[in-house]
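Visitor: next come a sequence and a model predicted from it.
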Amino acid sequence: MGPLYDAVGLGMWAYSNAAFRVVVLGPRHFRLQPRTLIVSTHRRETDVPVVGPLLYFGARLWRHRGERMSFAARDDMFLPGFFAGFPPDLSPRVRRLLFPVGVGRFLPRVQVNPISSASVARAAELLHSHPDSTLDDAVPAALAEAFRSRSEDRGLPPPRRSGDVLRGEYADLLWQPVTRPEAPELDGFWGARAAIASADFRRLVELVRGGGSLLVFPEGRPSPDGEIGPLRRGLSALVRRARPDWFLPIALAYDPLRRRRARVVVAVGPRVEPPGEDAEAATLELLRRATPLTCGQFVAHELLAGRDPDVDGLGQAVEESRSERRPVDPELLDPAQHRTCLGEAIAAAERRAGELQFLAREYASARGM
C-alpha cells in the first residue's frame, strides 16, 4: 500500500498544479489526529486531486504512514467501464477503448472505500446482474428505448437481452442512474444492494472508531449550479455511530475568470469538535462559512445583478468577509490589487460567460442569500 499511496499522492499533486493555480489557506503543516472526519465541499470532479495532495503533504503522510487518511468515494468508481461511462463529452471511439478499463481492484490499496445507495444503482449494475433478462424488464422504458435508438444510430444489432448492451458503444447509457421504483422487478438485486450499502456504511464507521481519518464529501456529488449543499442523508448517522473526535472542514472555490489557468483557493480548518444535534445543518453552515471569497465570484454576482463590478464594491465584499471571519483569496487582501483583479475577471467573463451563473450562485450560497 505504501508505494502506491505515495505515487497517487505525487501524481495528484502534479496534475492539480499543472491544471490550476492552487492557493491554500490555513496551516501549511499539521498532524491528522486520530478519529478525524474531514468534510469538504464538492465543487468539481477535480476536487480530489486538489484536496488530496494538500492533505498528503500538509500532514506529511509520506512520513507519518500510520496517520494516512482514507477516502469515501462513489461506488461506481469500482465498476469496470467507469472511465468510459462516467465522463461527459467523450467520443464514441474513446468510450469503446476505455470500456474494458477498470481500477476498482486498486482503490482499496490506496484506502478508498465505496459508498453505496440501497435505492439507486447504475444501469450497468442491473444489467450485469441479470444478463439474460429482457431489456424492458431490467431498466426503465425510456432507457430501454435509448439503447434501441443508439443501436440504430450505430448500425448495431437490435438489443433484446440485458447482455446485448454491455459494450462500449452504450457506455454513457450504462452509467445512467436507475432507482428501485423505476425497476422494481429485480427485487433480488435491490435486496442484495441494500446489504452492500449497509456493509459499506459499517466499514466507514469502524474505520473512524478504530482511530482512522476519513475524507468525505457530504454533498455526494459536485454542485451542478454553484449551490453549497444540500448534503446527502447519512452524515448524522455517520457522526452518531462513528463518534469522531474532530471535524476538519475544507472548502474549495474555483475562479476560472482568469487570463490563463483557473485559480483554486482551498481553505483548510481549523479543526473543530463534531456537531451535536442535526449534524447535516451544522456541517452545511460550517462549509458555507469556510468557502473562500474570490474575485470571480464577486464579478459574476455583480454582472448577473445588472451592476458594473467596481473597486469600491469589491473592497466592501472583502471587508464584510473579513469581519465575518470568512476566508478571502489572499490577492484580494491588498486593495492595490483590486483594480487589476477586476479588469482580468471582467475581460475573462466575456469569454467564459457559461461560468457566471455557477460563480454567482456560489457567492450567494456562501452567504445564505
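Guide: Thanks, I have it.
Visitor: residue 227 reaches residue 363, doesn't it?
Guide: No - using C-beta atoms under 8 Å, residue 227 makes no contact with residue 363, being 11.0 Å away. Where you see a C-beta, it was placed from the backbone N, CA and C, and this is true even at glycine.
Visitor: so where do the helices sit in the stretch 201-350 of the chain?
Guide: 235-242, 279-290, 295-304, 311-323, 338-351 (DSSP state H, counting those that start in this stretch).
Visitor: what's the third one packed up against?
Guide: Read it as helix 295-304. For helix 295-304, the packing partners by 3 or more C-beta pairs under 8 Å, 6 or more residues apart in numbering; DSSP states H and E come out as strand 246-255, helix 311-323, helix 338-351, helix 356-366.
Visitor: re the thing from before, of residue 227 and residue 363, which one has the most company?
Guide: Legend: neighbour count by other C-beta atoms under 10 Å for residue 227 and residue 363, higher for residue 363 (24 against 15).
Visitor: now that one: how far from residue 250?
Guide: Per C-beta to C-beta, to the nearest Å, residue 363 is found 19 Å from residue 250.
Visitor: any idea of the pLDDT on residue 232?
Guide: Note on residue 232: pLDDT of 88.
Visitor: swap in the one 3 residues further on?
Guide: Residue 235 is assigned a predicted lDDT (pLDDT) of 92.
Visitor: ok, it - how many residues close by?
Guide: By other C-beta under 10 Å, 22 other residues sit near residue 235.
Visitor: equivalent analysis for residue 62, please.
Guide: With other C-beta under 10 Å as criterion, residue 62 counts 14.
Visitor: which element is the closest residue to it other than its chain neighbours on?
Guide: Leaving aside its chain neighbours, residue 62 sits nearest to residue 6 (5.7 Å; criterion: C-beta to C-beta, 6 or more residues apart in numbering). Per DSSP states H and E: residue 6 is located in helix 2-19.
Visitor: keeping just the C-alphas, turn that helix into CSV.
Guide: C-alpha atoms of helix 2-19 as CSV (Å, rounded to 0.1, in the frame of the first residue of the first chain):
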residue,chain,number,x,y,z
GLY,A,2,2.8,2.4,0.9
PRO,A,3,4.5,2.9,-2.5
LEU,A,4,1.2,3.1,-4.4
TYR,A,5,-0.3,5.6,-1.9
ASP,A,6,2.7,7.8,-2.3
ALA,A,7,2.6,7.5,-6.1
VAL,A,8,-1.0,8.6,-6.2
GLY,A,9,-0.3,11.5,-3.8
LEU,A,10,2.5,12.7,-6.0
GLY,A,11,0.5,12.1,-9.2
MET,A,12,-2.4,14.2,-7.9
TRP,A,13,-0.1,17.0,-6.9
ALA,A,14,1.5,17.0,-10.4
TYR,A,15,-1.9,17.1,-12.1
SER,A,16,-3.5,19.7,-9.9
ASN,A,17,-0.6,22.1,-10.1
ALA,A,18,-0.4,21.7,-13.9
ALA,A,19,-4.1,22.3,-14.3
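Visitor: now do the buried residues in it.
Guide: 5-6, 8-9, 12-13, 16 (16 or more other C-beta atoms under 10 Å).
Visitor: how about stretch 335-355, which residues are buried there?
Guide: Those would be 338, 341-342, 344-346, 348-349, 352, 355, for stretch 335-355 by 16+ other C-beta under 10 Å.
Visitor: chain center to the helix or strand of the chain with the lowest mean pLDDT, what's the gap?
Guide: Every helix and strand in the chain was compared by mean pLDDT, DSSP states H and E; the lowest is helix 135-138, with a mean of 88. Distance of helix 135-138 from the chain centroid (C-alpha atoms, centre = their mean, to the nearest Å) equals 31 Å.
Visitor: same for it, what does it pack against?
Guide: For helix 135-138, the packing partners by 3+ C-beta pairs under 8 Å, 6+ apart are helix 141-154.
Visitor: mind checking pLDDT for the residue of the chain most remote from its centre?
Guide: Ranked by distance from the centre of the chain (C-alpha atoms, centre = their mean), the top residue is residue 157, with 37.0 Å. At residue 157, the pLDDT value in this model is 94.
Visitor: tell me which element it is part of?
Guide: With DSSP H and E as the test, residue 157 turns up in no helix or strand.
Visitor: tell me the buried residues in stretch 321-328?
Guide: Quick answer for stretch 321-328 (16+ other C-beta under 10 Å): 321, 326-328.
Visitor: which one of those is nearest residue 42?
Guide: For the buried residues of stretch 321-328, the residue nearest residue 42 by C-beta to C-beta is residue 327; the value is 17.2 Å.
Visitor: how much space between the closest one and residue 318?
Guide: When residue 327 is compared with residue 318 (using C-beta to C-beta), they lie 11 Å apart.
Visitor: cool, thanks, signing off.
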